[in-house]
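Enquirer: What follows is a predicted protein model with its sequence.
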Amino acid sequence: MNLLLIQKIYLSVIIFLFGIVIGSFLNVLIYRLPIGLDFKKGSSFCPKCNHNLKWYDLVPLFSFIFLGGKCRYCKAKISPQYPIVEALNGIFYVLAFLFLCDGKLMPEMAGYFLILSCLIVLTWTDFQHNIIPDSMWICVLLGGIILYVCDVVRNGFDLEKLLERIIGFFLVSGILLILGLIFTKLKGVDAIGGGDIKLMAAAGFALGWKCTVLATVVGTVIGLLFTVIYLSILYKKEQKEKGIDPKEERKKAKEAKAKAKKETVSYETNSKIAKKVKAQRALEEVNEDEDIDEDIDLGLDEEENEEDTGREVPFGPHLAFGIAFALFLGQRILQWYFDMVVDKLLVQ
Ligand SMILES: [Zn+2]
C-alpha cells in the first residue's frame with residue numbers, strides 16, 4: 001500500500017473520532033436549545049432516573065454499544081437519536097475530508113464541519129419542536145464566510161464569485177419570503193416558517209445561488225415525497241384507531257349499493273309490493289341522513305384535533321437534506337450539467 005493511502009485512512013479514523021465527539025455535543029444542543037436550557041452549565045444526567053452520568057457512560061457511540069442501548073443505573077432504554085447523531089456527524093466529517101478537501105487537511109474543513117453539524121442539529125430540533133434555532137442558521141452563515149475567506153486567500157479576490165454568494169443569499173430566501181407573505185395574506189396561516197427562510201439565506205451564501213437552487217429543488221422533492229408517505233401512514237393509523245378498516249368499509253359500501261340496485265329493480269317490476277318497498281326506502285333514507293350527521297360531527301372533530309396532534313410537517317429537515325446534498329454533490333452535478341447539456345445544446 002502506498003504511503004498516501006495509509007495517511008488518508010489514518011486521518012479519516014482520527015476525523016471520524018473527532019466527529020463523534022462533536023456529535024455527542026450536538027446531542028446536548030438538540031436537547032437544550034429548543035427548551036432554552038444553558039448548554040454550557042450542568043453535567044449530563046439520565047432523564048429517567050436523574051442519575052448523574054460518569055465520563056465512561058458518555059463515550060460517544062461506544063458507551064451506547066457497550067451498554068446495549070440502556071442506562072447503566074435504571075436500565076431505561078436510551079433513545080437511538082444519540083448514537084445516530086454521533087455516527088452521522090462522524091461520517092459527514094470524513095466525507096467532507098475525503099471528497100470536499102481531497103483527503104488533505106485544509107482550513108476549509110472548519111467551514112464544512114460547522115455547516116454539516118448545524119444541519120444535523122436543526123434537522124432534529126425542527127422535527128421534534130418545529131424550531132430552527134437562530135444560532136444554527138447564523139453558524140451556517142459563519143461556515144459560508146469561512147469558506148469564502150479560504151477561497152479568497154487561496155485564489156485571490158474574484159467579484160464574480162462574491163456576487164454568486166450574495167445572489168445566493170437573497171434569491172431562494174427572497175422567493176420563500178414572498179411566497180410566505182402571499183400565503184399569509186390569502187389563507188391567514190404561516191405556511192413557510194421564518195426559520196426556513198433564514199436558513200436558505202445562510203445556505204445561499206455558503207453554497208452560491210446555483211447550488212442553492214439545486215438544494216431547494218432536491219429538498220422540496222424529498223419533502224413532498226415524505227409528506228405524502230407521512231400523511232398516508234397517519235391516515236391509516238387514525239382509521240385503525242377508530243376501528244375502521246378501509247377494506248371492510250369499501251366492501252360494506254359495495255354491498256349496500258348492490259342491495260339498493262336490487263330493490264330498485266323489484267320496485268319497478270313488482271307493482272304489488274311497490275308501496276311496501278317505497279315505505280322501507282323512505283325509512284332507510286332517514287337512517288342515511290342520520291349517518292351523514294354523524295360523519296359531519298367526526299369531520300369537525302378531526303379538524304379541531306389537527307393542530308393539537310401536530311399534523312403540520314416541518315420542512316427544515318428536507319431543506320437541510322437538500323443543502324447537504326448540494327454541498328457534497330452540487331459542484332459536480334452543475335459541472336456535468338453545463339458540460340453535457342448546455343454545451344451540447346449550444347453546439348446544436
Ligand atoms: Zn437511568
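Expert: Noted; the coordinates are in hand.

Enquirer: Name all residues that make contact with L176.
Expert: Counting by C-beta atoms under 8 Å, 6 or more residues apart in numbering, L176 touches I192, D196, I197, M200. (Glycine included, C-beta is placed from N, CA and C.)

Enquirer: pLDDT at it, what is it?
Expert: Looking at L176, its pLDDT stands at 92.

Enquirer: And it, how far from F183?
Expert: According to C-beta to C-beta, to the nearest Å, L176 and F183 sit 10 Å apart.

Enquirer: Between these two, which contacts overlap?
Expert: I192.

Enquirer: Double-check that L105 belongs to a strand.
Expert: No: under DSSP: H, G, I helix; E, B strand; the rest coil, L105 sits outside any strand and is assigned coil.

Enquirer: what's around it, how many residues?
Expert: Using other C-beta atoms under 10 Å, L105 has 10 neighbouring residues.

Enquirer: repeat for L37
Expert: L37 - counted by other C-beta under 10 Å - has 12 other residues nearby.

Enquirer: tell me which element the residue nearest to it when sequence neighbours are not counted is part of?
Expert: Nearest-residue entry for L37: Y31, 7.6 Å, with adjacent residues in sequence omitted and distances by C-beta to C-beta, 6 or more residues apart in numbering. Element membership for Y31 (DSSP states H and E) is helix 3-32.

Enquirer: Nearest to Y56 among the contacts of L176?
Expert: Of all the contacts of L176, Y56 sits closest to D196, with 40.0 Å by C-beta to C-beta.

Enquirer: Near the closest one, how many other residues are there?
Expert: Neighbours of D196 (other C-beta under 10 Å): 24.

Enquirer: still on that earlier bit, most neighbours of all the contacts of L176, which one?
Expert: Going by other C-beta under 10 Å, M200 tops the contacts of L176 with 30 neighbours.

Enquirer: Next, the contact list for it, please.
Expert: Counting by C-beta under 8 Å, 6+ apart, M200 touches V172, S173, L176, T212, T216, L319.

Enquirer: Stretch 183-192: end-to-end distance?
Expert: One end of stretch 183-192 sits 8 Å from the other (C-alpha to C-alpha, to the nearest Å).

Enquirer: Please point out which parts of it sit buried.
Expert: Across stretch 183-192, burial judged by 16 or more other C-beta atoms under 10 Å covers I192.

Enquirer: hang on, the earlier thing: which among the contacts of M200 gets closest to the ion?
Expert: L319 (35.1 Å; C-beta to the ion).

Enquirer: For the nearest residue to that closest one once chain neighbours are set aside, give its distance to the ion.
Expert: Closest residue to L319 apart from its sequence neighbours, by C-beta to C-beta, 6+ apart: G219 at 4.4 Å. Distance, G219 to the ion, using C-beta to the ion, to the nearest Å: 37 Å.

Enquirer: okay, G219: pLDDT?
Expert: 95.

Enquirer: Touching, it and A324? I think so.
Expert: No: with contacts counted by C-beta atoms under 8 Å, G219 stays clear of A324, the gap being 9.5 Å.

Enquirer: Settle it for me: which of the two has more neighbours?
Expert: G219 (26 against 22).
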